[in-house]
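K.L.:
turn this into a structure:
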Amino acid sequence: MQWCVFFLTVMAQNYLTACQLYEFHYINENKTWTEAQQYCREKHTDLVTVTNMKDMKRLINISDGDIKEAWIGLYDQTHGTRTWYWSLPGVEFNQSETNWNPGEPNNYGSEGENCGIIWKEANPSFKWGDLSCNEKKNFICYDENNSSQKYHLIYESMNWTEAQSYCREKHTDLISGLKQLKDGEVNKGLKFTAVNSMYIFTGLFSDTWRWSDGSNFSFRHWNLQFNNQRKNSGQCAMTVFDNGGRWRNENCTERKPFICNDDDSSLILIKVNKTWEGALTYCRDHHHDLVTITDSDEQRLVQQKAQFASTPFVWMGLRYACTLDLWFWVSDEVVSYKNWAKDEPMDDCDMSGAMETGGGYKWSKKNDLEEFNFICFK
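P.N.:
Below you'll find the predicted structure:
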């Protein structure tokens, strides 16, 4: 167990720069959106897909002050089917698990109703409805870092995009998902009788925008006027750096710089069976480190590699420190995101974390001496 204590004290010194599962590449050439897409697919993976605020901050850091705007991989399928999403990244909309009020969604009115609401009357069911995103309403924020008060009813009226921005800046995001809306904590301490309208915005929204690489990520970072300008001819999205990186829709034939990404360029599956420490040593000798997973988007990228393993599990850089009674990532990242299998982990010494290579790709604790394939950061 001395190894665990020693390792925890030195790993911050050895790994000051966190590994990334994908790379962003700014291309300072003016091209149409379609030309930019072709370039990225030929030389990298695709036009950039932005999955959460962490990605957005990395994207903003690309700018050196001279870059004003750049194409990203989001485009509008104007004749495509509208799809419902939740604002909070990682919460997927499940068509079989909804709570629509009878007759909803009805998409009423000439401009459509593309944002989700619940009614003012507080009740355990919290039936859903749809409303124009341009309406100004009260809304509920979710705060994943506040264990004493996860939900916050905001009595200031804003349109849906403004409400989303407010929640992301001051909390985590708009309340999202059936699980959150059915959480008994929502009714505790929130004064629904004090709101000034019948409707309250949630994190539910629908649109026809899609990512170039075919992924279904729900993250959007539009400028605050987007709901009013979306009727113009702009069917391709760009990020505007002097506006906090917020996105604007633009005519796809305009010529602009652009950003490509390499989704899994930093991951490699090693189809050799080793113990956990053997896998750790191999990754550090030949690449960088055993893989770390800090959110649901990184989980998806890792499981895309894991599915090709020849063992039922693959080792990750997740270790249990017996003397300190905690799980830690060898890259010094905090274990905040978790994807443990049911009833896991029952903490025990000489155990490390492995991901199953099928099913739900859940995590399990495994004895260090078991031998599996593993995934390294390059």
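K.L.:
where does the stretch 251-378 of the chain have low pLDDT?
P.N.:
Across the stretch 251-378 of the chain, the ranges flagged by pLDDT under 70 are 263-265.
K.L.:
hey, where'd the helices end up in it?
P.N.:
Taking DSSP state H, counting those that start in this stretch as the criterion, the stretch 251-378 of the chain contains helices spanning 276-286, 296-306.
K.L.:
pLDDT score assigned to the spatially closest residue to Tyr155 that is not a sequence neighbour?
P.N.:
Spatial nearest neighbour of Tyr155, excluding adjacent residues (Cβ to Cβ, 6 or more residues apart in numbering): Asn138 at 5.6 Å. The way it works is simple: take the backbone N, C-alpha and C, and place the C-beta from them, glycine included. Confidence at Asn138, expressed as pLDDT, is 95.
K.L.:
and Asn138, helix, strand or coil?
P.N.:
Under DSSP: H, G, I helix; E, B strand; the rest coil, the three-state class of Asn138 is strand.
K.L.:
can you get me a residue count around Ala321?
P.N.:
Residues near Ala321, counting by other Cβ atoms under 10 Å, number 17.
K.L.:
related to what we said a few turns ago, isn't the residue nearest to Tyr155 right next to Met198, touching?
P.N.:
No: assessed by Cβ atoms under 8 Å, Asn138 is found out of contact with Met198, at 10.1 Å.
K.L.:
roughly how far apart are the nearest residue to Asn28 once chain neighbours are set aside and Phe241?
P.N.:
Distances taken as Cβ to Cβ, 6+ apart place Pro257 nearest to Asn28, at 5.2 Å, with adjacent residues excluded. Distance of Pro257 to Phe241, given as Cβ to Cβ, to the nearest Å: 10 Å.
K.L.:
looking at the two, which one has more neighbours?
P.N.:
Phe241 (20 against 17).
K.L.:
re the thing from before, which one of Asn138 and Met198 has more residues nearby?
P.N.:
More neighbours surround Asn138 than the other of Asn138 and Met198, with 21 against 12 (other Cβ under 10 Å).
K.L.:
for Asn106, grab the count of nearby residues.
P.N.:
Other residues near Asn106 come to 11 when the count uses other Cβ under 10 Å.
K.L.:
do the one 10 residues further on as well
P.N.:
In terms of burial, Gly116 registers 31 neighbours under the definition other Cβ under 10 Å.
K.L.:
I figured it hits Ile200, correct?
P.N.:
No: because the distance of 9.8 Å does not satisfy Cβ under 8 Å, Gly116 is recorded as not touching Ile200.
K.L.:
closest to the centroid, which residue in the protein?
P.N.:
Pro89 (3.7 Å; Cα atoms, centre = their mean).
K.L.:
residue contacts, that residue?
P.N.:
Counting by Cβ atoms under 8 Å, 6 or more residues apart in numbering, Pro89 makes contact with 51-53, 173, 217-219, 295-297.
K.L.:
from those, pick the one nearest Leu181.
P.N.:
Among the contacts of Pro89, Asp173 lies closest to Leu181 (Cβ to Cβ), at 13.2 Å.
K.L.:
excluding chain neighbours, what is closest to the closest one?
P.N.:
Leu88 is the one closest to Asp173 (Cβ to Cβ, 6+ apart), at 4.1 Å.
K.L.:
flag every buried residue along stretch 316-333.
P.N.:
By 16 or more other Cβ atoms under 10 Å, the buried positions in stretch 316-333 come out as 316-321, 327-331, 333.
K.L.:
got it, and stretch 112-120?
P.N.:
Result for stretch 112-120 [16+ other Cβ under 10 Å]: buried residues 113-120.
K.L.:
most widely separated two among those?
P.N.:
Most distant of those, by Cβ to Cβ, are Asn114 and Lys120, 20.6 Å apart.
K.L.:
which residues in the stretch 151-300 of the chain form strands?
P.N.:
151-158, 173-174, 199-207, 209-211, 236-240, 247-250, 256-262, 267-274, 289-290 (DSSP state E, counting those that start in this stretch).
K.L.:
out of the ones you listed, nearest to Cys133?
P.N.:
strand 199-207 (7.0 Å).
K.L.:
what is the closest one packed up against?
P.N.:
The contact analysis (3 or more Cβ pairs under 8 Å, 6 or more residues apart in numbering; DSSP states H and E) places strand 199-207 against strand 83-86, strand 115-119, strand 128-131, strand 137-142, helix 160-170, strand 173-174.
K.L.:
reformat those as TSV; add distance to Thr208.
P.N.:
Converted to TSV, the helices and strands packed on strand 199-207 look like this (distance: least, Cβ to Cβ, whole Å):
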stretch	distance to Thr208
strand 83-86	7
strand 115-119	14
strand 128-131	15
strand 137-142	23
helix 160-170	16
strand 173-174	20
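K.L.:
ok, which of these comes nearest Ser63?
P.N.:
Closest of these to Ser63 is helix 160-170, at 19.7 Å (criterion: Cβ to Cβ).
K.L.:
quick one: pLDDT of Phe226?
P.N.:
You'll see Phe226 listed with a pLDDT of 65.
K.L.:
quick one: mean pLDDT over stretch 37-46.
P.N.:
For stretch 37-46, the mean pLDDT works out to 92.
K.L.:
ok now it, how far from the chain's centre?
P.N.:
Averaging C-alpha positions (Cα atoms, centre = their mean, to the nearest Å) puts stretch 37-46 22 Å from its chain's average.
K.L.:
and if you look at stretch 211-226?
P.N.:
That offset, for stretch 211-226, works out to 11 Å (Cα atoms, centre = their mean).
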